[in-house]
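# just need the structure, nothing else, for what follows:
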Amino acid sequence: MMDPVHILTAFAICSIIGIPSYKMNVVDFSGLLSGYVVGMGVILFTDLKWFILIFMFFFLSGAATKYKYDKKKKKGVAQEKKGARGYLNVFGNGLVALSLAILEGIVGGKIFFIGYVASVATATADTAGGEIGRLSKKNPRLITNLKEVPTGTEGAVSLLGEAAEFLMALFIGIVAFIMGYGYDIIIIAASAGFIGANIDSIIGATLETKMEWWGNNWTNFTSTLIGAFAGIVIYSL
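I've put the predicted structure just below:
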């Protein structure tokens, strides 16, 4: 049975972050509630170090979404609802990480942490890096055939976006390293996160554009799952 103090502490931490984020339109109400589920779940089944990583995803993604929002709005590529993310986006990006955190708490094993970091790195690279990529002055190219397409096209990539994705994934690895994990976590996070973010673009250019029921949130979920798997494979090499 979980310690009530632990539960209240987790709730308080998520409230300190979540309520101001809701007021600043970083998340809508459903995003706030789902953020409690993901954030508290990570804290209760693991520890604050794991939570800091998922928080960095939330912070960087929120900041990147708000960055030059009006400019992105004029280009027609801004996140809807003034940038506020809903529950589908939260779960699409965080469900894999939450599942791995729960497995760590129940089963234990370094492999779950590796997958967790890689999943968070993928989500951060795709969301935050993608938001920065939308500001590229040049039209992006479709990842499947490299043909020039309008900004905002699903599966489109740019040099700015690719660089931002890699740096975001690298940053997650550096944060994990600073918290006491081996230097190899930097390589794993940067590599797996970058791979996962580009898998997201490939899925966006294929399944998401051809299957009506396959939305962006399914793409996010799948790419974070593949990113986690890629991280585990790289760790095993």
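
# quick one, what contacts residue 207?
214, 218-219 (Cβ atoms under 8 Å, 6 or more residues apart in numbering). Where C-beta positions appear, they are placed from N, C-alpha and C, glycine not excepted.

# just the ones of those in helices?
Among these, DSSP state H puts 218-219 in helices.

# in three-state terms, label residue 150 for me.
At residue 150 the chain is in coil, as set by DSSP: H, G, I helix; E, B strand; the rest coil.

# now the helices for this structure?
For the chain, the helices defined by DSSP H cover 4-23, 29-45, 48-66, 69-74, 87-106, 110-133, 159-178, 184-205, 207-210, 216-236.

# could you say which of those is packed most deeply?
Comparing the helices of the chain by mean neighbour count (mean count of other Cβ atoms under 10 Å), helix 110-133 ranks first with a mean of 28.

# just for the chain, where's the confidence low?
For the chain, the stretches with pLDDT under 70 are 1.

# give me that answer again for 80
Applying pLDDT under 80 to the chain flags the ranges 1-2.

# I'd like to know how many residues surround the closest residue in space to residue 147 that isn't next to it in sequence.
Spatially, and ignoring its direct neighbours in sequence, residue 147 is nearest to residue 141 (6.3 Å; Cβ to Cβ, 6 or more residues apart in numbering). Using other Cβ atoms under 10 Å, residue 141 has 17 neighbouring residues.

# any idea how far residue 141 lies from residue 162?
Distance, residue 141 to residue 162, using Cβ to Cβ, to the nearest Å: 10 Å.

# now swap in residue 184 and tell me
Distance of residue 184 to residue 162, computed by Cβ to Cβ: 23 Å.

# swap in residue 97?
23 Å.

# tell me, how many residues neighbour residue 158?
20.

# confirm for me that it is in contact with residue 136.
Yes: contact status for residue 158 versus residue 136: in contact at 4.1 Å, counting by Cβ atoms under 8 Å.

# in this structure residue 68 contacts residue 131, no?
No: counting by Cβ under 8 Å, residue 131 is not a contact partner of residue 68; they are 9.1 Å apart.

# the nearest residue to residue 196 once chain neighbours are set aside: what's it in contact with?
Leaving out its chain neighbours, the residue that sits closest to residue 196 by Cβ to Cβ, 6+ apart is residue 227, at 2.5 Å. The contact partners of residue 227, by Cβ under 8 Å, 6+ apart, come to 118-119, 121-123, 192-193, 195-197, 199.

# let me have those in JSON lines, extended by distance to residue 88.
Compiled in JSON lines, those are given as follows (distance: Cβ to Cβ, whole Å):
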{"residue": "118", "distance to residue 88": "22"}
{"residue": "119", "distance to residue 88": "17"}
{"residue": "121", "distance to residue 88": "21"}
{"residue": "122", "distance to residue 88": "17"}
{"residue": "123", "distance to residue 88": "14"}
{"residue": "192", "distance to residue 88": "24"}
{"residue": "193", "distance to residue 88": "21"}
{"residue": "195", "distance to residue 88": "24"}
{"residue": "196", "distance to residue 88": "19"}
{"residue": "197", "distance to residue 88": "19"}
{"residue": "199", "distance to residue 88": "19"}
